[in-house]
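J.: Sequence below, structure please.
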Amino acid sequence: QVQLVESGGGSVQPGGSLRLSCAASGRTYSNYVMGWFRQAPGKEREFVSAISRSGADTRYVNSVKGRFTVSRLFDTNTMYLEMNNLKPEDTAVYYCAVDTSRAEVIRVRVQNYDYWGQGTQVTVSS
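T.: Okay, the predicted model is just below:
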């Protein structure tokens, strides 16, 4: 079992910044690819970003490239998503997730991830 708890969501104006955190506990944290997904009202959950087991590789959906940065700290079992220059279309519930397949590559499908946090709301509005 892996337990994931997100925090850091909130309401900001366009152009603002937020940093999301995902604290992991349970199985060995460093064995797994970790990802961020988001779901806006009336839309399907979509991939946002992910980071490899070692932390050396990252991947982003095109719409957030250059604005979001994913990172992970192994001593605290925590993954972060730094979000800058936020836009109204970034408004969604953000979820962190773990891919326990021990795949070497970063996968982007919802079905690839086994454990999920409860989500944290991000609202970007003027």
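
J.: What is the burial count for Leu18?
T.: For Leu18, the number of neighbouring residues by other Cβ atoms under 10 Å comes to 20. The way it works is simple: take the backbone N, C-alpha and C, and place the C-beta from them, glycine included.

J.: for Phe47, same thing?
T.: 20.

J.: Quick one: residues contacting it.
T.: Contact analysis of Phe47 by Cβ atoms under 8 Å, 6 or more residues apart in numbering lists Gly35, Phe37, Val61, Val108, Arg109, Val110.

J.: Residue nearest the middle of the protein, spatially speaking?
T.: Most central in the chain under Cα atoms, centre = their mean is Trp36, positioned 2.1 Å from the mean C-alpha point.

J.: so that residue makes contact with Arg19?
T.: No - the criterion here is Cβ atoms under 8 Å, and Trp36 misses it with Arg19 at 11.8 Å.

J.: where do the contact lists of these two overlap?
T.: Residues touching both Trp36 and Arg19 (Cβ under 8 Å, 6+ apart): Leu81.

J.: check contacts around the nearest residue to Gln39 once chain neighbours are set aside.
T.: Leaving aside its chain neighbours, Gln39 sits nearest to Arg45 (4.2 Å; criterion: Cβ to Cβ, 6 or more residues apart in numbering). Taking Cβ under 8 Å, 6+ apart, we find Arg45 in contact with Phe37, Arg38, Gln39, Tyr95, Val110.

J.: wait, isn't the second one in contact with Glu89?
T.: No - at 10.4 Å, Arg38 does not count as touching Glu89 under the criterion of Cβ under 8 Å.

J.: Would you mind listing the buried residues in the helix or strand hosting Phe37?
T.: Using DSSP states H and E, Phe37 sits in strand 33-39. Residues of strand 33-39 classed as buried under the neighbour-count rule (16 or more other Cβ atoms under 10 Å) are Val33, Met34, Gly35, Trp36, Phe37, Arg38.

J.: Let me know the closest of those to Gln121.
T.: Arg38 (10.1 Å; Cβ to Cβ).

J.: so what's the closest one closest to, chain neighbours aside?
T.: Ala92 (3.8 Å).
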